[in-house]
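**Student:** turn this into a model:
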Amino acid sequence: EAIKTIYLGFLAMIIMTIFMGISLLYIPSSSDFASDSLNTIFTLNVRITLGSLIGFGISQFIDATIYELLNNRKCPIWIKNNVSTIISQLFDTIIFCTITYFGTVNFSVLFSIMLSMYVFKFVISLLDTPFLYITKKLKSREL
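**Tutor:** Numbering: from 1, shown residues only. The predicted structure follows:
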């Protein structure tokens, strides 16, 4: 089930990227005041797009695999959630930042970007744990 969700998320990202690219082909009227803003937002930076797609795909498979391994060991849900997310987000961060920034900034800047992104993701992954338990409790009430 997790693999199916990963594929659907990956497909949704690709479809959205295609639609953003198609929207850039639209030739606006002279009175269109939003065109420049949309072009700024939707202009595709190939490195960012590739980094996002590849990082997402690989990290989500890692996340699902680790979660399943921990699930088979009957670990508490907070361990499964945090360990799988913290490890997979490390891979996501390294892949995304390497593809996006390698060769455009020096290594110390690249490392600083990776570190700050990862610390943010790490904190968010810890903060989402209570919401996981709330959702689980609400779901059990529905059944």
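
**Student:** contacts, neighbours, all on C-alpha from now
**Tutor:** OK.

**Student:** after the lowest-mean-pLDDT helix or strand in the chain comes which helix or strand?
**Tutor:** Across the helices and strands of the chain, mean pLDDT, DSSP states H and E gives its lowest value to helix 35-42, namely a mean of 75. Counting by DSSP states H and E, the element after helix 35-42 in chain order, helix or strand, is helix 46-72.

**Student:** so what touches the least confident helix or strand of the chain?
**Tutor:** Helix 35-42 is contacted from outside by 20-21, 23-24, 28, using CA atoms under 8 Å, 6 or more residues apart in numbering.

**Student:** one more time with 6 Å, if that's ok
**Tutor:** M20 (CA atoms under 6 Å, 6 or more residues apart in numbering).

**Student:** per-residue pLDDT, the most centrally placed residue in the chain?
**Tutor:** Nearest to the geometric centre of the chain sits F56, at 5.0 Å (CA atoms, centre = their mean). If you check F56, the pLDDT there is 91.

**Student:** would you double-check that S140 falls in a helix?
**Tutor:** Yes - under DSSP: H, G, I helix; E, B strand; the rest coil, S140 sits within a helix.

**Student:** so it versus Y133, what's the distance?
**Tutor:** 11 Å (CA to CA, to the nearest Å).

**Student:** which of these two has more neighbours?
**Tutor:** Counted by other CA atoms under 10 Å, S140 and Y133 do not tie: Y133 has more neighbours, with 13 against 9.
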